[in-house]
Structures are given as structure tokens and as C-alpha cells.
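A.B. asks: missing the sequence, but the structure's below:
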């Protein structure tokens, strides 16, 4: 009986691994395309991504350190940044198109400077005093299941990656 159970468990494990590998291959194929890079006299854009599959990406050339070299637009979608006296939001993304982004200005270190909302998507963080859970996401809710806010959330993380180049 034990031998049969072990064989069944092995077959299930192999099947799950096979399905996972197919899923990973399908996801990897979704992101193929042509990427062009800037060759520029401006250090703020030199070597950065210029376009992905024909969608143009532009960067700020600014006297404000909080936005210089950061993504200005992706296609026709504009990106704005905070120029603020609050260090918790200065230089962070303020808006993606018409979708506003807010950050916590808090006395609690666990949430100060973290995303408060992206459009209708609201973020809450643990503030329990525990080192293991403090500052970690407690909940993310999308009021009204707003698809535009979800798209802005995806774009937000994409822009953050581009800004780290």
C-alpha cells in the first residue's frame, strides 16, 4: 500500500512540475519584442530604453533632482513626480496620466513614504510593533474594481524599474 501511495505521489509531482514549466514558458513568450536604447549626450537618458515594440519612452531633463532622468512618458501616457518638502514623497511618482498616486506622510516609520493609493486602489500596512510584520502590506483593495487603477498600478511598477536603470 505504501509503495502504491509513493508512486501516485511521484506521478502527481511530475505532472505539477510539467504544468508549471508550461505556464512559465507561456508567460515568457508574452514579453517578446524589439527594444531600442538612447545614445544621447544627456547622461539622464543615455543607455536607457527608448522604445519597446514602437512605444516611445521619454525621460525628464530637469533642474529638479527629484525628476531628472526619470520617465516622462510612455507612449501618450504622461508621468508626473512630486517636488515636495516632505522627504517621504519627494521625487516619487505623483500621477500616471489622470490617475493620482498618494503616499503616507506618517509618524509611523512602518508606513511613512509608502504608497497610500493609486487611483481607487488603497494600500494599508502593518503597524503592530513587531519587527517581522511592521511595514509589510496588510491589505490592498480596489474600490469599484477600477480597471484603469489596476493598469496604473502595473505601469507604476514598470516605471519604477525603468527609473532604476
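C.D. replies: In hand now; what should we look at? Because the structure is a prediction, the values reported are computed rather than measured. Residues are numbered from 1 along each chain as shown.
A.B. asks: Do you have the helices of the chain handy? List them.
C.D. replies: With helices called from DSSP state H, the chain shows them at 2-29, 147-163.
A.B. asks: Tell me which residues of the shortest one come out buried.
C.D. replies: By that I understand helix 147-163. 149, 150, 151, 152, 153, 155, 156, 159, 162, 163 (16 or more other Cβ atoms under 10 Å). Where you see a C-beta, it was placed from the backbone N, CA and C, and this is true even at glycine.
A.B. asks: and which of the residues you listed is nearest to residue 90?
C.D. replies: Proximity of these to residue 90 (Cβ to Cβ) peaks at residue 163, which lies at 14.0 Å.
A.B. asks: give the contact list for that closest one.
C.D. replies: 69, 70, 71 (Cβ atoms under 8 Å, 6 or more residues apart in numbering).
A.B. asks: so residue 51 bridges to which residues?
C.D. replies: residue 36, residue 56 (DSSP bridges).
A.B. asks: pLDDT at it, what is it?
C.D. replies: Residue 51 is assigned a pLDDT of 92 by the prediction.
A.B. asks: Please report the distance of it from residue 74.
C.D. replies: Residue 51 sits 10 Å away from residue 74, going by Cβ to Cβ, to the nearest Å.
A.B. asks: More neighbours: which of the two?
C.D. replies: residue 74 (21 against 17; other Cβ atoms under 10 Å).
A.B. asks: List the contacts of the closest residue to residue 135 other than its chain neighbours.
C.D. replies: Nearest-residue entry for residue 135: residue 110, 3.9 Å, with adjacent residues in sequence omitted and distances by Cβ to Cβ, 6 or more residues apart in numbering. Residue 110 makes contact with 125, 126, 127, 134, 135, according to Cβ under 8 Å, 6+ apart.
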